[in-house]
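J.: Below is the structure, and that's it, no one-letter string:
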Ligand code: SF4
Ligand code: SF4
């Protein structure tokens, strides 16, 4: 069995519209608009995308957005800070969900 | 290098569409030894364009209607005849560009050149890979960023980079590693914010240039096992819209010994002009050269990736 994650598959991202070309091209239009320069700069969006990519454990997105950040001259220290924002958010979200656990425990325990 | 993959991709030969620029590579001596240098220049460089070849270049410029001359190296400032050559090049209606690393202008024996450049209204292009000192020095050597900024200030004082002065000072950005340059407009904004606001220096345009997989940069790619991925990225980013403006279509590049090339990348690879057009400045034939078939190879994917890369910077809109 081959590898689940193959680096070469990143190049196949361009073909994800296969089998559903209309939706695929709508996605690419949206993707380009959402990640392109707007009120936020390409650099700011690159760092957001990198943070999301790392929190979602997507090796393809991490590769693509690390390269995009390098291309935009983002220093490694800033990339790492963005990853920490993602990591802190993930920690916060996990802990915030403990509220449910705490509420249930408090309700049920004598 | 086989012409196969690139020529196949573009669906036939690439041909020149005129000669707008005569590029003159005066040699490979340089005060710096940048890690990305595709010509492999440095203090130990021994190639110096002989005076006789410089004279031939001038004769070609006079005889033909080539409107621009682009002087490069190495550091052109280290050529013993550079002052004379630039004075001879400067003529009404002819653009003269010098590609300078600027740090050289602080060296003993070169400090008179900013005044000469301003007198002759030479256009200056300098390489500054980043607006950040540490990043620039990583590629070009310790202390280079400070030196470049110092010289930019000196040139600003002479009017270079100031709007309306007509004295052009362009900055070249290239990636500090095995990745493609980002959007030129976005990077230019960053450079302006940092260089303008923090360093108080002016420039006209930022030009983004893709690192070519040849020379010292190729050594780096090989050493770090980045070569295959980098070449794959260049090829996968091929953008046919860039073919209109690749520099070889409007330029002839003269090597230090008078050999003619389609560009200075081919010069490094020792791929002279071919396909029946003359390959020496001694046999310069405007008519045959202006419509020549260009000698291409897989390194040409470096000029056609994404928004494209030429000595003018990104040439086409991104895909
Ligand atoms: S890149 Fe330019 S400044 Fe650096 S070593 Fe090469 S010729 Fe010299
Ligand atoms: S490397 Fe670039 S400029 Fe040189 S021949 Fe190829 S496409 Fe033309």
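T.: Structure's in. What do you need? All figures in this text were calculated on a predicted structure; none of them were measured in a lab. Numbering: from 1, shown residues only, chains lettered A, B, ... in the order given. Ligands and ions are numbered 1, 2, ... in the order given.
J.: wait, what's in contact with whichever residue of chain A sits closest to ligand 1?
T.: Proximity to ligand 1, evaluated over chain A using C-beta to the nearest ligand atom, is greatest for residue A:73 at 18.4 Å. C-betas here are computed from N, CA, C, even on glycine. By C-beta atoms under 8 Å, 6 or more residues apart in numbering or on different chains, the contact set of residue A:73 is A:43, B:130-132, B:135, B:173, B:182, B:187, B:190.
J.: Sort out which one of the residues you listed lies nearest ligand 2 for me.
T.: residue B:173 (18.0 Å).
J.: contacting residues for that closest one?
T.: Residues near residue B:173 by C-beta under 8 Å, 6+ apart: A:73, B:128-130, B:181, B:184, B:187, B:191, B:206-209.
J.: among these, which are in strands?
T.: Mapping these onto strands (DSSP state E) picks out B:206-208.
J.: ok, so of the residues you listed, who is nearest residue A:22?
T.: residue B:208 (34.5 Å; C-beta to C-beta).
J.: I'd like to know how many residues surround the closest residue to the closest one other than its chain neighbours.
T.: In space, and not counting its chain neighbours, residue B:208 is closest to residue B:181: 4.0 Å by C-beta to C-beta, 6 or more residues apart in numbering or on different chains. For residue B:181, the neighbour count with other C-beta atoms under 10 Å in any protein chain shown is 25.
J.: And the ones in strands among the contacts of residue B:173, which is closest to residue B:94?
T.: Once C-beta to C-beta is applied, the member of these that ends up nearest residue B:94 is residue B:207, at 20.8 Å.
J.: The closest one contacts residue B:174, correct?
T.: No: checked against C-beta atoms under 8 Å, the pair residue B:207 and residue B:174 is beyond contact range at 9.3 Å.
J.: Backbone dihedrals for residue B:224, please?
T.: phi -100, psi 10 (degrees, to the nearest 10).
J.: What's the local residue count around it?
T.: The tally of other residues near residue B:224 (other C-beta under 10 Å) stands at 11.
J.: so who does residue A:78 touch?
T.: For residue A:78, counting by C-beta under 8 Å, 6+ apart, the contacting residues are A:47, A:69.
J.: can you list the residues of chain B near ligand 1?
T.: Residues of chain B that fall close to ligand 1, judged by C-beta under 6 Å from any ligand atom: B:30, B:32-34, B:37, B:39, B:41-42, B:73-75, B:101.
J.: now these in TSV, with secondary structure?
T.: Output for those, formatted as TSV (DSSP: H, G, I helix; E, B strand; the rest coil):
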residue	secondary structure
B:30	coil
B:32	coil
B:33	coil
B:34	coil
B:37	coil
B:39	coil
B:41	coil
B:42	strand
B:73	coil
B:74	coil
B:75	coil
B:101	coil
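J.: Show me just the buried residues among the residues you listed.
T.: B:30, B:32, B:34, B:37, B:39, B:41-42, B:73-75, B:101 (16 or more other C-beta atoms under 10 Å in any protein chain shown).
J.: Return the member of those nearest to chain A.
T.: residue B:34 (17.2 Å; C-beta to the nearest C-beta).
J.: Look up the closest residue to that closest one, ignoring the ones flanking it.
T.: residue B:140 (4.7 Å).
J.: Hmm, the one you found is touching residue B:126, no?
T.: No: under the criterion of C-beta under 8 Å, residue B:140 makes no contact with residue B:126, lying 10.8 Å away.
J.: what's in contact with the helix or strand containing residue A:60?
T.: Per DSSP states H and E, residue A:60 falls inside helix A:59-71. For helix A:59-71, contacts defined as C-beta under 8 Å, 6+ apart pick out A:5, A:7, A:9-10, A:13, A:43, A:46-47, A:49-50, A:52-54, A:78-79, B:175, B:177, B:179-182.
J.: Please convert the buried members of the residues you listed into ChimeraX selection syntax.
T.: Selecting the buried subset of the contacts of helix A:59-71 in ChimeraX, with 16+ other C-beta under 10 Å as the burial test, is done by:
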select /A:10,43,46,47,49,50,52,53,54,79 /B:175,177,179,180,181,182
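J.: Neighbours of residue A:104, how many?
T.: Counted with other C-beta under 10 Å, residue A:104 comes out at 10.
J.: Validate this expectation: it resides in a strand.
T.: No: going by three-state DSSP, the assignment for residue A:104 is helix, not a strand.
J.: Backbone dihedrals for the residue nearest to residue B:51 when sequence neighbours are not counted, please?
T.: Spatially, and ignoring its direct neighbours in sequence, residue B:51 is nearest to residue B:81 (5.7 Å; C-beta to C-beta, 6+ apart). Note on residue B:81: its backbone torsions stand at phi -100, psi 20 [degrees, to the nearest 10].
J.: What pLDDT does the model give residue B:81?
T.: Residue B:81 is assigned a predicted lDDT (pLDDT) of 98.
J.: what do you get for residue A:12?
T.: 87.
J.: Can you get me a residue count around residue 8?
T.: Using chain A here. 9.
J.: was after chain B, sorry
T.: 9.
J.: can you tell if the helix or strand encompassing it touches chain A?
T.: Using DSSP H and E, residue B:8 sits within helix B:4-10. No: Helix B:4-10 is not in contact with chain A by C-beta under 8 Å from any C-beta of the partner chain; minimum separation 15.4 Å.
J.: so does that helix get close to ligand 2?
T.: No: on the criterion C-beta under 6 Å from any ligand atom, helix B:4-10 is out of touch with ligand 2, staying 7.5 Å away.
J.: and after that helix, which helix or strand comes next?
T.: Next along from helix B:4-10, by DSSP H and E: strand B:21-25.
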